[in-house]
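> the following comprises the amino acid sequence and a computationally predicted model.
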Amino acid sequence: MTLALAGILVALALIDSTSFGTLLIPLWLMLAPGRVKVARILVFLGTVAVFYWALGVAALFGAEAAIEQFGDYLTSRPALTVLLVIGVGLIGWSFQLESKAKREKKEGKPPSGRFMKWRRMRWAATTSESRAGRSHWWGSR
């Protein structure tokens, strides 16, 4: 591995470490009511580490095989043009998704998606349980 490749990998790792799964879920586990369960946090982080390791090994072997097989084609001008178009299209799509979310927020629409549906369902269950004599969603008083 060259120094330039290592630098790129370090930069990608730093960007990825700010994602929801590797930053906010451990914080959420630590801020949950009650005692901090260190084992639960370590299991989560270990699972993420093992998954990324397995994904990296699979990508390494897959990339080596693909480069050996299609290396000449992937460096041709048409292939690079297709990759550029795909990249620009993905960036444009991300801006479209962001503007849609901002527009819905401005119009006062509630956030959509599976997570928000689950959250509303949990909120409804929590409020009905608290009226029934239970103070928390995770159990009795």
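Perfect, I can see it now. Numbering: from 1, shown residues only.
> low-confidence ranges in the protein?
Counting by pLDDT under 70, the chain has low-confidence residues at 110-116, 118-119, 122-123, 125-141.
> run the last query once more with 90
Low-confidence segments of the chain, defined by pLDDT under 90: 1-49, 51-53, 55-75, 94-141.
> so where do the helices sit in it?
For the chain, applying DSSP state H gives helices covering 3-16, 25-31, 38-74, 77-106, 114-131.
> tell me the most buried of the ones you listed?
Burial of the helices of the chain is given as mean neighbour count (mean count of other Cβ atoms under 10 Å); helix 25-31 ranks first at a mean of 13. C-beta: built from backbone N, CA, C; applies to glycine.
> got the contact list for it?
For helix 25-31, contacts defined as Cβ atoms under 8 Å, 6 or more residues apart in numbering pick out 36-37, 40-41, 44-45.
> closest to Gly21 out of those?
Nearest to Gly21 among the contacts of helix 25-31: Phe44, at 9.0 Å, using Cβ to Cβ.
> next up, the contacts around that closest one.
25-26, 29.
> I'd guessed Leu74 sits against Thr81; true?
No - applying Cβ atoms under 8 Å as the test, Leu74 and Thr81 come out as separate, 11.9 Å apart.
> Val50 and Gly56, how far apart?
Counting by Cβ to Cβ, to the nearest Å, the gap between Val50 and Gly56 amounts to 11 Å.
> please read the previous query as pertaining to Glu107.
According to Cβ to Cβ, Glu107 and Gly56 sit 42 Å apart.
> before we move on, what about Thr2?
From Thr2 across to Gly56, the span is 17 Å (Cβ to Cβ).
> with Leu90 instead?
Separation of Leu90 from Gly56 (Cβ to Cβ): 22 Å.
> same deal with Gly62?
Distance, Gly62 to Gly56, using Cβ to Cβ: 11 Å.
> cool, and Phe95?
Using Cβ to Cβ, one obtains 29 Å as the distance from Phe95 to Gly56.
> kindly report the same for Thr22.
Distance of Thr22 to Gly56, given as Cβ to Cβ: 15 Å.
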